[in-house]
Every structure is written in C-alpha cells, then in structure tokens.
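Trainee: Below is the structure, and that's it, no one-letter string:
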C-alpha cells in the first residue's frame, strides 16, 4: 500500500463519523480525509445487508429508522434534518409501530425510547444513509474510504498519528477522530486480543483521555444478535395491513419471556417480506436457542409470538435464515461529557452516541455530537 499522509483520519463509518466529515467539508475544510471502517460498508448500527446469496434482497438488519426527541429547538440539528428532508435523503417514517406486553396485548402507549418524537427513515435503505450524508459535501472527492480494516494499534509520533490494522495496513494522519468507543473501552482487550486498551497505550498520562477511559469503564454496552428471515413469496401479512413495514417492540417483560427486543417486517421490491428479529446477546433464551437447532427453535418462538395475532401470519417455511452478530454496541449508563470531545495535545477528537447529549445511545446523539465536534475542529486544523 502506498504511504499517504492524511490531514484527517476518522475511525468508524457510521452516522456520526459521516455527519462530522460532511459538516466539516461544508465549513470549508480542504484537506484529504480517510474514513476507516471495519465493516464492508458505511452505516454502523444503521447498516443494511445486501444479500449476495439471496439476490434482490436488502434488509435493514440494524436500526430500521431513527427518532429525534430533542425539543430544545437546536438550530444546528434542525437545519441538518431540514437539509436531509429537502434533498430527499430522509423521509418521515410511516411504518406501523406496535408495542407488546408479555401477554401479547397491544399497548395503547408506545413507551420504547426508539419510537417517540419524530421518526425518520432513509428514502432508499438505512445502510445508504451514512453514504448519502457524506456525499452531501464530498463534491471534490476529498474522502477516501477503507473497508474491512480493523484498527488494533495506534501510535502518536512526531505530532502525527500512525495506525495499524489487523489486516496489516498502515495509515498516517496529522489529526485523528474516533467515532467508535471500542479503542477506548475495556472490551477492546477481548475483542482485539490485546493486553492494554489501545488508546491508553498510545497516550500516557493525559488528563482528558484518562478521564474518558475511566468513564467508559463504567459505561454499559448492549450487544445484539439479529436473525434475518428471507420468506417465500407465499408468505404475506394479513390483508388488514396496508403498510409496507411493520415494527413490533416488546416491552421489558415480553423481552424476557420471548427473547426478542423488536421484530421488523420489511417489504422488499420482490414483494416478499424480510423479517429481522432483534435480540440482546446476553438474553438467556437466545443463548439456549443457539445451543439447539436454532432455525427450528427460532421458527417455534416466532410462531408462538404471533399465533393469535390479528395482523401477522405465522411462518411455516422460509427461503433462508442468516445471523448478524454485532461488534458495534449501544451504550448505556454513564455518559461522556461533551467537554472531553477534543484533546489538542494529541491532535485527537471523539464523536458518537456515547456522549452526553439529548440522544444518548441513539442516532440523534450520534448526529448532535458530530455537529458539535465539526464546529470545534474546523477552528483548529
């Protein structure tokens, strides 16, 4: 690989990093930028699976939409959303949203944190949203994208960053932005098979970075395993359904009983329905399911959940089932203060939904932290 020294490298290719880069370019940044993503495409937890095995299918196996709860009339956020709406990148989501309790009763009140406020979805598919946000302002092709590169080692040398990926690639940058908290979190040692948290090793005795790492020791993280069902053409929802997409949210008691957090029905261009069952990795029912004949057990659990449902038909057979095991995780618990977003001594900054914003743990938080950071970074690089 040829040695390229970038003005800026961003680790992570989700909504936060693409919003940050796009907004930085809009503010007049002229330097060369690289985005390094461990997955196959941009998107992060808003990814979609474009199936090679099952031609013609695009399943939003991450977040099927995103919601904005912020009621503070944040001008930056409102302007950003208005631009996405005006340019037909997002739309008001018209999915049918339903919440179930453990007795499978429909709830009159949607209490789930993901289905309050204004709800939006991509006008194409969710996995394309980050890419469209980036391309809003990448007119001069200033951004290089690197996929399937997992950064495992960082070094700050001669006022520049040197990054090494698990795949053996080297990257050089004058300034670094990290949008995922993996390289700062204790779980990185297990995932990356290293003895020390990578950023702690690269930055010794820095008050700001040490504080972030300390806070992240106590920040929870929710890991998920999602099951993707590709149905046959015979399978349809009941005739009463007039929506292409239906999302069932299970309350906490229902999650414990049935093992699923939410179930998403997505109508495809081929008129079939893709079904994505979202589950939390630590859920005991899911662990039991993995030990057994998981496809048979998964179908049993699905049908048990919907056997008397007035809207959803049970499922006798299917075209295929695949599994998405997430490395990316939703944060919970302690929040990192926004005052820690930039460390000038190390030419490094951070953004993501793990910061203390209105949308903590959701896309809203990812966007807000990115907009806030781009306003600051443009002044110093």
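Mentor: Okay, I see it. No experiment lies behind these values; they were computed from the predicted model shown.
Trainee: How much space separates the residue nearest to residue 306 when sequence neighbours are not counted from residue 276?
Mentor: Excluding the flanking residues, the one nearest residue 306 by C-beta to C-beta, 6 or more residues apart in numbering is residue 312, at 4.3 Å. For the C-beta atoms, the positions are set from N, CA and C on the backbone; glycine is no exception. With distances taken as C-beta to C-beta, to the nearest Å, residue 312 is found 14 Å from residue 276.
Trainee: Buried ones in stretch 134-141, by neighbour count?
Mentor: 134, 136-138 (16 or more other C-beta atoms under 10 Å).
Trainee: could I get those as TSV with pLDDT, secondary structure and distance to residue 240?
Mentor: Formatted as TSV, these follow (pLDDT from 0 to 100; DSSP: H, G, I helix; E, B strand; the rest coil; distance: C-beta to C-beta, whole Å):
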residue	pLDDT	secondary structure	distance to residue 240
134	98	helix	40
136	97	coil	39
137	97	coil	44
138	97	coil	44
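Trainee: Residue 56: neighbouring residues, count only.
Mentor: Using other C-beta atoms under 10 Å, residue 56 has 10 neighbouring residues.
Trainee: Tell me who's in contact with it.
Mentor: Neighbouring residues of residue 56 by C-beta atoms under 8 Å, 6 or more residues apart in numbering: 268-270.
Trainee: per-residue confidence for the residue nearest to residue 306?
Mentor: Looking at residue 312, its pLDDT is 95.
Trainee: Roughly how far does it sit from residue 375?
Mentor: For residue 312 relative to residue 375 (C-beta to C-beta), the value is 45 Å.
Trainee: Show me where the chain has its helices.
Mentor: In the chain, the segments counted as helices under DSSP state H are 15-26, 75-86, 129-135, 188-191, 198-202, 207-217, 252-258, 284-291, 294-306, 363-377.
Trainee: Quick check: nearest residue in space to residue 99, chain neighbours excluded?
Mentor: Closest residue in space to residue 99, ignoring its immediate chain neighbours: residue 107 at 4.0 Å, by C-beta to C-beta, 6+ apart.
Trainee: wait, the one you found sits on residue 254?
Mentor: No - the pair residue 107 / residue 254 is not scored as a contact, 9.8 Å apart, by C-beta atoms under 8 Å.
Trainee: Which neighbours do the two have in common?
Mentor: 100-101.
Trainee: more neighbours, these two?
Mentor: Neighbour totals were compared for residue 107 and residue 254, and residue 254 leads with 22 against 14 (other C-beta under 10 Å).
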